[in-house]
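Colleague: Output the structure for:
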Amino acid sequence: MRRALWCLMMIATVVAFSVSVSAGNFVIKTADVVLWRGETNSVLVLHNPEGMLVERITLMFPGRVQVTEFITYDGVMERRQEGDSIVLTGALLKSGFVQLRWRPASIMPISARLEGDQLDRTLQLADVAARIGERPEVRVIRNEEFGEAMIVRRGEAAKTLTLQFDITVENVYVVGLGCLPTLVHAGSDVVITGDFIEGATIDIRWEPSDARLIGGSFDDSPLEMGEIDLVPIGGMWRADPSPAFVGEPVTFRIMRQSGMTYSWDFGDGGRASGAVAEHTFERAGKYLVTLFLRTPNDKEFLYQGWLTVSSEGRQGSPGNIAPDAIPGGPYGPYDLVWDGNEWIGGEEEDGYWVDYYYCDVYFDASPSYDPDGEVVEYRWDFGDGTTVTSASPYVLHRVEVTIREDDPITDEIIRVPVTLTVYDDRGESGSSTTYAEFYNPGWWGGGE
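Modeller: Coordinates of the predicted model:
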């Protein structure tokens, strides 16, 4: 029990140290909540503030985020995404806390709701209302073949959607998410009926493509028109519809608007600005690409989409593409916990002392994917003769490190290679190596 508490204290020290020395700033820094915003990722450390069992934590964000690290101390919790929220379920004990690290760093959590048998409390976190404006009801999409718009009902339920165009449109096609829209009339005015509850989404396409949507209303309530024309290809703002590969530049673009500023976050730590941006991904994976748009009156909107980047030339059996293993990381650096020492050898002049250390690390392979099937098995090789095979992408493993006391100390960080192999539903496999990193206990600024 004393060892477990010692490890917990050491790890908590590492969390505070690692965020304080990196480029970034604290949004919140209290005994219960540490919220830190960095340049490429942000961190939330949330303690159990009530001392009662927490069974569910709901973290609300103003947009989607991609979690790069999730750790639970003194408890067991599982993570899942529900829209723009991250939901943690399980059990967090009275002395426990959770830590999340995510991208894009610019997206801060709005609130955290903690629930249990005797607990229901909401903690207000970052104030993002002034930074991220309410996303408009209408997002107009332009391409050469047809016009398109995504319309989301933001208010109370409505029955009729009326749209005005600058010229007559025809070949109108509508489809709904959360509703069943029916096209009643086409022309310069388009009338669509249905049960448009709050959150219902209507995708409408029309010809000719140069017809402009200039206004509309739900019942008698005017639509809030978007201030941006997006150019999505395959769900992303891609200038090139071909597949994305590691090491090859990918171009993103939106239609330039006067007075607008554009900031891109590519989900791997890379960022850019401008209406046209180019980025090269160095590793295969599924990346959340985010565009922040600032209007001339300093109102911001964000638009997001997922991009899958494949390993170039990846082969599999005939008719099957091998899966990509995305092990996450590098993990850490963490502090190691001393676990005793031992004399190795015979006489004093022939032997040596070794110190044994360990640290529990939570590994996350959830970004791994199979482009033509699904990943069904994850096999971790921790480099110490230990392997773990599971159907779950998550594993908690105690990494053990042995250090000879007479070895010269040359590096501040100890890197332990960890290899992940994933298998798809047709037996093909893919592998990749990451590292678990630890502060060297003998490092004191370069001396031996």
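
Colleague: hey, let's count contacts and neighbours off CA atoms from now on
Modeller: Fine.

Colleague: looking at it, residue 425 is touching residue 373, isn't it?
Modeller: Yes: between residue 425 and residue 373 there is a contact at 6.5 Å, judged by C-alpha atoms under 8 Å.

Colleague: just the helices in the chain please.
Modeller: Using DSSP state H, the helices of the chain run over 2-21.

Colleague: Give me the domain ranges for it.
Modeller: Partitioning the chain according to automatic domain parsing yields domains covering residues 2-124, 138-223, 244-310, 331-439.

Colleague: In JSON lines, list those along with distance to residue 325, mean neighbour count and mean pLDDT.
Modeller: Formatted as JSON lines, these follow (distance: least, C-alpha to C-alpha, whole Å; neighbours: other C-alpha atoms under 10 Å; pLDDT from 0 to 100):
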{"stretch": "domain 2-124", "distance to residue 325": "15", "mean neighbour count": "17", "mean pLDDT": "79"}
{"stretch": "domain 138-223", "distance to residue 325": "33", "mean neighbour count": "17", "mean pLDDT": "86"}
{"stretch": "domain 244-310", "distance to residue 325": "8", "mean neighbour count": "18", "mean pLDDT": "79"}
{"stretch": "domain 331-439", "distance to residue 325": "5", "mean neighbour count": "17", "mean pLDDT": "86"}
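
Colleague: Export those domains to JSON lines and append columns for distance to residue 324.
Modeller: Compiled in JSON lines, the domains of the chain are given as follows (distance: least, C-alpha to C-alpha, whole Å):
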{"stretch": "domain 2-124", "distance to residue 324": "17"}
{"stretch": "domain 138-223", "distance to residue 324": "31"}
{"stretch": "domain 244-310", "distance to residue 324": "7"}
{"stretch": "domain 331-439", "distance to residue 324": "5"}
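
Colleague: Show me the longest strand that occurs in this structure.
Modeller: strand 85-103 (DSSP state E).

Colleague: Please name every helix or strand in contact with it.
Modeller: strand 42-47, strand 54-60, strand 66-82 (3 or more C-alpha pairs under 8 Å, 6 or more residues apart in numbering; DSSP states H and E).

Colleague: Convert the C-alpha atoms of stretch 182-191 to PDB, please.
Modeller: Output of stretch 182-191 as PDB, limited to C-alpha atoms (Å, rounded to 0.1, in the frame of the first residue of the first chain):
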ATOM      1  CA  THR A 182     -40.000  16.200 -47.700                       C
ATOM      2  CA  LEU A 183     -39.400  18.400 -50.700                       C
ATOM      3  CA  VAL A 184     -42.700  20.400 -51.400                       C
ATOM      4  CA  HIS A 185     -41.600  23.000 -54.000                       C
ATOM      5  CA  ALA A 186     -38.500  23.900 -56.000                       C
ATOM      6  CA  GLY A 187     -37.600  27.100 -57.900                       C
ATOM      7  CA  SER A 188     -36.200  30.300 -56.600                       C
ATOM      8  CA  ASP A 189     -38.000  29.400 -53.400                       C
ATOM      9  CA  VAL A 190     -37.500  25.900 -52.100                       C
ATOM     10  CA  VAL A 191     -40.000  24.600 -49.500                       C
END
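
Colleague: Run the chain-centre distance for it.
Modeller: 40 Å (C-alpha atoms, centre = their mean, to the nearest Å).

Colleague: Could you list the residues in contact with that stretch?
Modeller: 160-170, 172-174, 192-194 (C-alpha atoms under 8 Å, 6 or more residues apart in numbering).

Colleague: Which of the residues you listed fall in strands?
Modeller: Counting by DSSP E, those place 160-165, 170, 172-174, 192-194 in strands.

Colleague: Who does the residue nearest to the spatial centre of the chain form a beta bridge with?
Modeller: Nearest to the mean C-alpha position of the chain, counting by C-alpha atoms, centre = their mean, stands residue 66 at 0.1 Å. Counting by DSSP bridges, residue 66 forms beta bridges with residue 103.

Colleague: picking that back up, let me know the angle separating the longest strand of the chain from strand 54-60.
Modeller: With axes from the mean of the first three to the mean of the last three C-alpha atoms, to 10 degrees as the basis, strand 85-103 and strand 54-60 are set at 70 degrees to each other.

Colleague: the inter-axis angle of strand 85-103 versus strand 66-82?
Modeller: Relative orientation of strand 85-103 and strand 66-82, computed by the same axes, to 10 degrees: 170 degrees.

Colleague: C-alpha coordinates for strand 85-103, PDB please?
Modeller: C-alpha atoms of strand 85-103 as PDB (Å, rounded to 0.1, in the frame of the first residue of the first chain):
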ATOM      1  CA  SER A  85     -18.200  15.500 -25.200                       C
ATOM      2  CA  ILE A  86     -15.800  12.900 -23.600                       C
ATOM      3  CA  VAL A  87     -17.500  10.600 -21.100                       C
ATOM      4  CA  LEU A  88     -15.500   8.600 -18.500                       C
ATOM      5  CA  THR A  89     -17.300   5.800 -16.700                       C
ATOM      6  CA  GLY A  90     -16.300   3.400 -14.000                       C
ATOM      7  CA  ALA A  91     -15.100   4.200 -10.500                       C
ATOM      8  CA  LEU A  92     -12.900   7.000  -9.300                       C
ATOM      9  CA  LEU A  93     -12.200   6.700  -5.600                       C
ATOM     10  CA  LYS A  94     -12.100   9.600  -3.100                       C
ATOM     11  CA  SER A  95      -8.300  10.000  -3.400                       C
ATOM     12  CA  GLY A  96      -8.200   9.500  -7.200                       C
ATOM     13  CA  PHE A  97      -7.800  11.700 -10.200                       C
ATOM     14  CA  VAL A  98      -7.900  11.500 -14.000                       C
ATOM     15  CA  GLN A  99      -5.500  13.000 -16.500                       C
ATOM     16  CA  LEU A 100      -6.200  13.800 -20.100                       C
ATOM     17  CA  ARG A 101      -4.000  15.200 -22.800                       C
ATOM     18  CA  TRP A 102      -5.600  16.200 -26.200                       C
ATOM     19  CA  ARG A 103      -5.300  18.000 -29.500                       C
END
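
Colleague: between that strand and strand 42-47, what angle do the directions make?
Modeller: Using the same axes, to 10 degrees: strand 85-103 against strand 42-47 is 130 degrees.

Colleague: got the contact list for the residue lying closest to residue 306 once chain neighbours are set aside?
Modeller: Leaving aside its chain neighbours, residue 306 sits nearest to residue 288 (4.6 Å; criterion: C-alpha to C-alpha, 6 or more residues apart in numbering). Applying C-alpha under 8 Å, 6+ apart to residue 288 gives the contacts 65-66, 266-267, 304-307.
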